[in-house]
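A.B. asks: Build me a model from this:
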Amino acid sequence: MPNVSGKVVLITGAARGIGAQTARELARRGARLALIGLEPDELATVAAELGDGHFWGEADVTDPDSIEAAVSRAAEHFGRIDVAIANAGIAPVGTVRKSDPRAFVKTIDVNLNGVFHTVRAALPHLADRRGYLLVVSSLSAFAPIGGMAAYTASKAGADALASALRSEVAHLGVMVGSAHPSWIDTDMVRDVAHDLRSFHEMRKRLPWPMRATTSVESCGKAFADGVERRARRVYVPRSIMLMHWLRNAPSSRLVERLMMPTMRRLIPKMEEEVAGLGRSLSERHQKLQG
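C.D. replies: Okay, here's the model as predicted:
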């Protein structure tokens, strides 16, 4: 298996959660990291934790000029970029019927358009190195559930973008993969569980393996393994592969009938909780996104 020792890996959304933990795992394996995100203090802290020889830069993936400038600075700093991980993402709360339209649009902008802008900025550098791109999608891309329409749509779009891009850049020697984590124990997942007890209860009632929760350490290791393999797909946990094969099952009549009593009870409760919050994004993402 190829290794990442000495490789330059750029990660968006690297200030915390999956991005930061993947950076830690890759640094442990000898990679040099370019950490990109919206939280400069946290990025600086993670970069310092990784040790000497790493880079961080503040950028907004929804702004093509911002992310292009950050990628260019990273490439200038290291002289190259071998791998890019388009990881930045947000998760709003609420249903289509009751959610804030601005939160829906912002989710698409960060989770899908942000991937596009990151890819556009990174591709010239990856082509020079016959490098590897990992687009972070989600289990949600092929296992949608109520209360996550914006997130599901954005992550399904990111998965489709990665699949199309794979054939577009193969002749350049660039390999493209998509990552599909389930519930990872991160700030983002904990924020939603804290805000909405109904959503937390709904998660517990999902069929296996859709309800599984994975530690951020295990996720970071799986992502790093995927980078080393230049993997076409990364599933976290690996049992999520089953849901990809059975991707029509979550929307099948059988599953709908099994989940309908729970959804009929919890969806109105979720809508009430979101109305009580007065927002569709977590407090942290509300502040970051303005």
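A.B. asks: rest of the way, CA atoms for contacts and neighbours
C.D. replies: Fine.
A.B. asks: Excluding covalently adjacent residues, which one is nearest to Phe223?
C.D. replies: Leaving aside its chain neighbours, Phe223 sits nearest to Thr22 (6.4 Å; criterion: Cα to Cα, 6 or more residues apart in numbering).
A.B. asks: pLDDT wise, what is the one you found at?
C.D. replies: Here the pLDDT value assigned to Thr22 is 98.
A.B. asks: what number of residues lie near it?
C.D. replies: Per other Cα atoms under 10 Å, the neighbour tally for Thr22 reads 26.
A.B. asks: tell me which strands and helices the helix or strand containing Val71 is in contact with?
C.D. replies: Counting by DSSP states H and E, the element that carries Val71 is helix 64-78. On a contact count with 3 or more Cα pairs under 8 Å, 6 or more residues apart in numbering; DSSP states H and E, helix 64-78 meets strand 8-12, strand 55-58, helix 114-129.
A.B. asks: Would you mind finding the most buried of those?
C.D. replies: Each of these was scored by mean neighbour count; the highest is strand 8-12, a mean of 26, by mean count of other Cα atoms under 10 Å.
A.B. asks: do you know how far the closest residue in space to Arg29 that isn't next to it in sequence is from Asp185?
C.D. replies: Distances taken as Cα to Cα, 6+ apart put Ser5 closest to Arg29, at 5.9 Å, once the chain neighbours are dropped. Ser5 sits at a distance of 27 Å from Asp185 (criterion: Cα to Cα, to the nearest Å).
A.B. asks: cool, and Leu133?
C.D. replies: Applying Cα to Cα, the value for Leu133 to Asp185 is 24 Å.
A.B. asks: So for the two, which sits in the more crowded spot?
C.D. replies: Just comparing Leu133 and Asp185: by other Cα under 10 Å the higher neighbour count belongs to Leu133, 28 against 17.
A.B. asks: Run through the bridge partners of that one.
C.D. replies: Ala84, Val176 (DSSP bridges).
A.B. asks: Can you verify my assumption that it contacts Val83?
C.D. replies: Yes: Leu133 is within contact range of Val83, at 5.7 Å (criterion: Cα atoms under 8 Å).
A.B. asks: picking up where we left off before, what residues of the helix holding Val71 count as buried?
C.D. replies: Under the neighbour-count criterion of 16 or more other Cα atoms under 10 Å, helix 64-78 has 64, 66-68, 70-75, 78 buried.
A.B. asks: what's the overlap in contacts for Leu133 and Val83?
C.D. replies: Leu126 (Cα atoms under 8 Å, 6 or more residues apart in numbering).
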